[in-house]
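[1] Sequence plus predicted model, see below.
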Amino acid sequence: MAAAAAARAALPRPHLALPSSARRIPSVSLAASPVPGPRAAAPVAAAAAAPPQPQVTTRLGDVIEAQQFDRAALNEIFEVAREMEAVERGSHGAPSRVLEGYLMATLFYEPSTRTRLSFEAAMRRLGGEVLTTENAREFSSAAKGETLEDTIRTVEGYSDIIVLRHFESGAARRAADTAIIPVINAGDGPGQHPTQALLDVYTIKREIGALDGIKLGLVGDLANGRTVRSLAYLIAKYQNIKIYFVSPDVVKMKDDIKDHLNSQGVEWEESSDLLEVASQCDVIYQTRIQKERFGERIDLYEAARGKYIVDKKVLDVLPKHAVIMHPLPRLDEITVDVDSDPRAAYFRQAKNGLYIRMALLKLLLVGH
Amino acid sequence: MAAAAAARAALPRPHLALPSSARRIPSVSLAASPVPGPRAAAPVAAAAAAPPQPQVTTRLGDVIEAQQFDRAALNEIFEVAREMEAVERGSHGAPSRVLEGYLMATLFYEPSTRTRLSFEAAMRRLGGEVLTTENAREFSSAAKGETLEDTIRTVEGYSDIIVLRHFESGAARRAADTAIIPVINAGDGPGQHPTQALLDVYTIKREIGALDGIKLGLVGDLANGRTVRSLAYLIAKYQNIKIYFVSPDVVKMKDDIKDHLNSQGVEWEESSDLLEVASQCDVIYQTRIQKERFGERIDLYEAARGKYIVDKKVLDVLPKHAVIMHPLPRLDEITVDVDSDPRAAYFRQAKNGLYIRMALLKLLLVGH
Amino acid sequence: MAAAAAARAALPRPHLALPSSARRIPSVSLAASPVPGPRAAAPVAAAAAAPPQPQVTTRLGDVIEAQQFDRAALNEIFEVAREMEAVERGSHGAPSRVLEGYLMATLFYEPSTRTRLSFEAAMRRLGGEVLTTENAREFSSAAKGETLEDTIRTVEGYSDIIVLRHFESGAARRAADTAIIPVINAGDGPGQHPTQALLDVYTIKREIGALDGIKLGLVGDLANGRTVRSLAYLIAKYQNIKIYFVSPDVVKMKDDIKDHLNSQGVEWEESSDLLEVASQCDVIYQTRIQKERFGERIDLYEAARGKYIVDKKVLDVLPKHAVIMHPLPRLDEITVDVDSDPRAAYFRQAKNGLYIRMALLKLLLVGH
């Protein structure tokens, strides 16, 4: 398979961070691609046109993990996301046709309605169309033992971009290595959920007005939370960041992230005083304690769960310009009486997921 | 939460029954709404712009229960529904773009394919787009304990109108009290199913040509049938109505409806003679005996089920101008040899669901 | 029901094989059809307009089984499918509006994501819209005991064409006999899957350039494979065909197909030497051994499964112009190192499913 994969990977698919003159992504139409296609007339010639190529290990033009973006790429995505607010606002009077004629396949091997709906809304707001598979795990083919790679090669024949949600870490990378068309990782198990990380950073920029110099309190389940780990990673690309970790002992931030922050010169400290941290932060990022990680130790879960609650007392000390974020869903780790405070940014954060996904779809399918 | 909810509820959302000059519903774009939004520049000013307001308890611009509509509102909906027949007829040559750029989210916490498909077809026939969630109960967020209110506040960020099917009575009201965008109740458990009630009344008007003076036989499961209860309620708004209740003893119409009819001066009587009733009615509305309500008393179910069947004998005595209706699905309470009689109106009734839903979507999103 | 069914069936719905001047299919809009419709003004007159007609047993304008197509019909479908490649290629710059305003309902009583997605992509690539039901078996109505016929009569009110996947053989025929609008069989249990058969034959024509004179090796599970049976049937319509059957003894091709080939003068033989067969064929059609047919005899399954594998050794003897096909999903009956060979046609074959389905939708809804 190596030869064909290399031939497929050799299609020019510039990285988002390249200068924008080079960034226009060529047509992803299968029919127009120099890929082995129907060969009724000259099968041998077609074979000759797709000789073995050096293996390309890094696929470009996909969104697979938060780490793939440098500051320039992030800035460009955020700039386009900002433009998307106006595009959405114009939907009723002058709907966008930027992605007219494009088809997105949402291939979800586990349900994630929030993520799926925001991707599908994003595609629709840009004039594109959607193919939905909410239960791809029961995809008759997968149930019969088909590999992810084979499924991808079939589905890419029906669509222009694949949004993949999978239960296995690394699945998105495998899909991207297989597909000719762009793949967006919408979460692969305990692995990555890069569009969530992007919308989190975008929300800080949008709410606070800057990313350099931000003081960020990460609260709750820091051991298991994919979102806080990715956020810590991404925010480390900016200058003069200070991070506070506030979590029950059983779910403390792990050393790999702390080591990474150290290597990037990011200041961080652990604290058990949420009020003290809140009084000094620009952003309090609260997370849900993930019950499913505690197994039978419900007692530990209950103890961890109630320890750090964002409530009116936190609001009382939180600076006026600061905001409270949460990746949602929330249980009671933010009390509902906080919702009406203008500093409660979590529903605006969810909405930013729409703008970020619109931006990514536009950038991957037609460029800036 | 009260302050924000009030600020959100304070958006002008005129009742359908207002004079049509006042009825145009303003843009529901979140971005254009005076709701706490991104506040990068001036968070405090934004907060000041959304001061606490007196609590608004009745939400307007939603479709929550059959009782909310007066005769004027019903007439307007029916008038628009009639226009929708021509819109649908023109779909192939000149498809409607009335709702182009609008997105409807069908948030179904229990499956109801018939209802969902008719809403989605309605949206499409008007040029709108759809986000579908057929298994919202397994919405990962809901499964993790997210409240309906939080889900609504997320989904409203991705769409322009929410069609909610829920298993709990009162869920639609809660959703409407939360959402800025319009909510349509597509059935909330044992509670309401107002679009079914509207299409039933519309079908009588469309088939018979009038609503005042109608003689209506309600047959079958009158105790548990949400549709016959709502229909009795709505038809009571018209003049010179006569209702016959024909049902097995175990599923008789309950006193609350009888009391309501009395208070409205609607004449009604109970009868055990379906043929006698059929010979005098304009409409025979048959319903399915709901097995699931009988628990282990299958014997009672079987006895009730076979008691009043609409068959050729009923057709023999039914006036030429009269019609037979049924909310569907039917089992054998109407025999299939009735289907070919032009007085069998139940599939046309199902079709009218499309026109009623088109009318509601148009009225709620862009006005008449 | 006979009278109404006959009246409905009497709508002109020419067979695809008729000369193309007669082939334009009239509007399928329910509203425009001479079917008993709303009769507010004159119910009796409407009834008189739909008198009993002679029973029409063969429904036209539906795609129910592979056998319904003669060579002329196949040629026309293939010609339109070829045009669809250009239509798809133009999607981004100049998307097709051929089916703008048309609604397809995918009514799937069992999941088949591959088939569903290809139909939905086909509809979208032609500018049409889709209503999706992935779990029609749990269609609340079906679960409550509604007949397929009643479901069809409801769904046809919301759409312009129905694509039905069902678990019962004969279901597609029943649906087509009920519906006014066209029905496409997307697989009915052990019965038919005509669009798969069409795309298989189209792939041979597209890859090899001809159908007459083809040498075809059918490999694997020939007893249970619906696809190889249909393919043998269809290919028998062409001249000078030679078929080799290569299968483990427990899953040999059945006599009905052999008898049919004999009656059509098609040469066939059985062989146990895959390499010998491969060296002489234009097409090797490999299939998956269907484990589910072996019940508890896992030993027989394992023996059958490993017996005939398409691998590099097969490629070594396969003529340069020949191709390998597979209906997918595949397990290990074709090794993945075959994928990169240009003669591996199975993913192109899957893609042809898109073109064939686009062609059928266009032919059934608006004609050539």
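    Looks like it came in fine.
[2] Would you check that A:Pro111 makes contact with A:Ala136?
    No: with contact defined as CB atoms under 8 Å, A:Pro111 does not reach A:Ala136; the gap is 10.0 Å. Using the backbone N, CA and C atoms, a C-beta is placed for each residue, glycine as well.
[3] Please report phi then psi for the closest residue in space to A:Ala122 that isn't next to it in sequence.
    Nearest residue to A:Ala122, sequence neighbours excluded (CB to CB, 6 or more residues apart in numbering or on different chains): A:Arg357, at 3.8 Å. Main-chain torsions, A:Arg357, degrees, to the nearest 10: phi -70, psi -40.
[4] part of a strand, is A:Tyr244?
    Yes: judged by DSSP: H, G, I helix; E, B strand; the rest coil, A:Tyr244 forms part of a strand.
[5] Report the contact partners of it.
    Shown in contact with A:Tyr244 (CB atoms under 8 Å, 6 or more residues apart in numbering or on different chains): A:215-218, A:268-271, A:277, A:280-281.
[6] Pick out whichever of those sits closest to C:Ile162.
    Checking the contacts of A:Tyr244 against C:Ile162 with CB to CB, the nearest one is A:Leu218 at 51.9 Å.
[7] Next one: the closest one from chain C, what distance?
    Counting by CB to the nearest CB, to the nearest Å, the separation of A:Leu218 from chain C is 38 Å.
[8] and what of A:Arg71?
    Separation of A:Arg71 from chain C (CB to the nearest CB): 31 Å.
[9] now A:Ala73
    Distance from A:Ala73 to chain C, by CB to the nearest CB: 24 Å.
[10] Distance from the chain centre to the helix or strand that contains that residue, please.
    Following DSSP states H and E, one finds A:Ala73 within helix A:71-89. Distance of helix A:71-89 from the chain centroid (CA atoms, centre = their mean, to the nearest Å) equals 15 Å.
[11] then the helix or strand in which A:Glu120 is found to PDB, C-alphas only?
    Element membership for A:Glu120 (DSSP H and E) is helix A:113-125. Only the C-alpha atoms of helix A:113-125 are listed here, as PDB (Å, rounded to 0.1, in the frame of the first residue of the first chain):
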ATOM      1  CA  THR A 113     -24.100  15.600  19.200                       C
ATOM      2  CA  ARG A 114     -22.700  19.000  20.200                       C
ATOM      3  CA  THR A 115     -19.600  18.700  18.100                       C
ATOM      4  CA  ARG A 116     -21.500  17.200  15.200                       C
ATOM      5  CA  LEU A 117     -24.200  19.800  15.100                       C
ATOM      6  CA  SER A 118     -21.600  22.600  15.300                       C
ATOM      7  CA  PHE A 119     -19.700  21.200  12.300                       C
ATOM      8  CA  GLU A 120     -22.900  20.700  10.300                       C
ATOM      9  CA  ALA A 121     -24.100  24.100  11.200                       C
ATOM     10  CA  ALA A 122     -20.800  25.500  10.100                       C
ATOM     11  CA  MET A 123     -20.900  23.800   6.800                       C
ATOM     12  CA  ARG A 124     -24.500  25.000   6.200                       C
ATOM     13  CA  ARG A 125     -23.800  28.600   7.200                       C
END
